[in-house]
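S.K.: Structure of the sequence below:
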Amino acid sequence: MVPINSAHRDFQDPRSLEASLSAADPSVRLKAALAAGTHPDLGLVATLVARCAVEPDFFVRDMLTWALTRFPSEVTVPGLLAELRSERAQGRSQALHTLSKIADGSTWPAITRSLLRDADDEVARSAWRAAVVLVPDAERKALAEELVGQLGRGDRTVQLSLSRALVALEDVVEPALQPGLASEDPVVAAHARATEMLLRDPDAGFNSVLDEARRIVALGPDGIR
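M.R.: Numbers count the residues shown, from 1 in each chain. You can find the predicted model right below:
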């Protein structure tokens, strides 16, 4: 971790800090993002949001998100909501991720069905994570049903993200899983069963429960001894 005092000392001029957020060296960008969050300057919010959409380094993106959480939500949220309509998938994904960290419940209506079903897996995964943080109690059942509609999507990483989001919804999930469990699509049925197993044992490894679920679905009820 970059020492906070050192980061601030290097970027006392906001113009220097803003320029450093797009420096070639990722360590410089990381320091700049740290300094931006350590001593928030309202004039930098738009730059931070915009940088999230193009920043190639995971650790810098994470620091940019942290920096944005240090500003008042009434300042950051409007720009993040606008970014949800960005043509850049990373812009949408990072805005969703940051909104989940700010956890302002008033932003729930912005988590639309189109974001939850976004064609880009990273955007969809971020939308699922944000949704389970922001969803009001009255909407949890509907959210579970919406997410269940995407069972079987993507590779194991994507499926794990969806299962974790569903498990986070707790008591409303088991009834919502029933159509998936009964699906004639073996990929959907296995993913539903693996999610059900995780719901009952959240500490279980996803790879092992998915493999077990696939075995059960392949054998059918008459083939299990």
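S.K.: Tell me the confidence at Leu42?
M.R.: We note a pLDDT of 93 for Leu42 in this prediction.
S.K.: burial count for the closest residue to Val209 other than its chain neighbours?
M.R.: Spatial nearest neighbour of Val209, excluding adjacent residues (Cβ to Cβ, 6 or more residues apart in numbering): Met197 at 4.2 Å. Where C-beta positions appear, they are placed from N, C-alpha and C, glycine not excepted. As a burial measure, Met197 scores 20 neighbours (other Cβ atoms under 10 Å).
S.K.: How about the contacts made by Met197?
M.R.: Each residue near Met197 by Cβ atoms under 8 Å, 6 or more residues apart in numbering is listed here: 204, 209, 212-213.
S.K.: most surrounded residue in those residues?
M.R.: Ala213 (22 neighbours).
S.K.: where's it, which helix or strand?
M.R.: Using DSSP states H and E, Ala213 falls within helix 206-219.
S.K.: for Ala33, same thing?
M.R.: According to DSSP H and E, Ala33 maps onto helix 26-38.
S.K.: Give me the buried positions along that helix.
M.R.: In terms of neighbour count (16 or more other Cβ atoms under 10 Å), helix 26-38 has its buried residues at 28-38.
S.K.: Packing partners of it?
M.R.: Using 3 or more Cβ pairs under 8 Å, 6 or more residues apart in numbering; DSSP states H and E, the elements in contact with helix 26-38 are helix 4-10, helix 14-20, helix 45-52, helix 58-69.
S.K.: Let's check: the centremost residue of the chain is which one?
M.R.: Closest to where the C-alpha atoms of the chain average out (Cα atoms, centre = their mean) is Ser126, at 2.4 Å.
S.K.: Check which helix or strand that one maps to.
M.R.: helix 121-134.
S.K.: What average pLDDT does the following helix or strand past that helix get?
M.R.: As assigned by DSSP H and E, the chain's next helix or strand after helix 121-134 is helix 140-148. The average pLDDT within helix 140-148 is 97.
S.K.: relative to helix 121-134, how tilted is helix 140-148?
M.R.: Computed by axes from the mean of the first three to the mean of the last three Cα atoms, to 10 degrees, the angle separating helix 140-148 from helix 121-134 equals 170 degrees.
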